[in-house]
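> coords below, sequence missing:
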């Protein structure tokens with residue numbers, strides 16, 4: 001099983017971390033394919049999460065979330 005600290009790295013804004021830790025249940029695939037990024041608990045809590053595009057509070061309002069899949073940015 002993965003831990004929250006393992007999974008949270010995938011939500012980092014850094015590309016190398018976003019492209020890692022895909023396994024939400026089985027982390028062995030990440031280790032097998034070399035996509036695992038391991039951080040200690042303190043480092044995980046200091047990560048900046050989310051995409052730069054969605055940092056504005058307005059971007060997470062319901063109307064914007066509903067059109068997000070078809071909207072060009």
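Yep, it's here. Computed from a predicted structure; not experimentally measured.
> now the terminal residues of stretch 7-19, how far apart.
Start to finish, the residues bounding stretch 7-19 are 12 Å apart (Cα to Cα, to the nearest Å).
> need the mean per-residue confidence for that stretch.
Across stretch 7-19, the average pLDDT comes to 85.
> contacts for stretch 58-73 next, please.
For stretch 58-73, contacts defined as Cβ atoms under 8 Å, 6 or more residues apart in numbering pick out 53-54. Bear in mind the C-beta positions are built from the backbone N, C-alpha and C, glycine included.
> and residue 22, how many neighbours?
Residue neighbour count, defined by other Cβ atoms under 10 Å, stands at 15 for residue 22.
> spatially central residue in the chain, please.
residue 11 (1.3 Å; Cα atoms, centre = their mean).
> is that residue in contact with residue 19, as I believe?
No. Counting by Cβ atoms under 8 Å, residue 11 does not reach residue 19; the two are 11.8 Å apart.
> and stretch 39-50, what's buried?
Neighbour-count burial for stretch 39-50 flags 39, 44, 47 (criterion: 16 or more other Cβ atoms under 10 Å).
> over to stretch 12-23?
In stretch 12-23, counting by 16+ other Cβ under 10 Å, buried: 12, 17-18, 20-21, 23.
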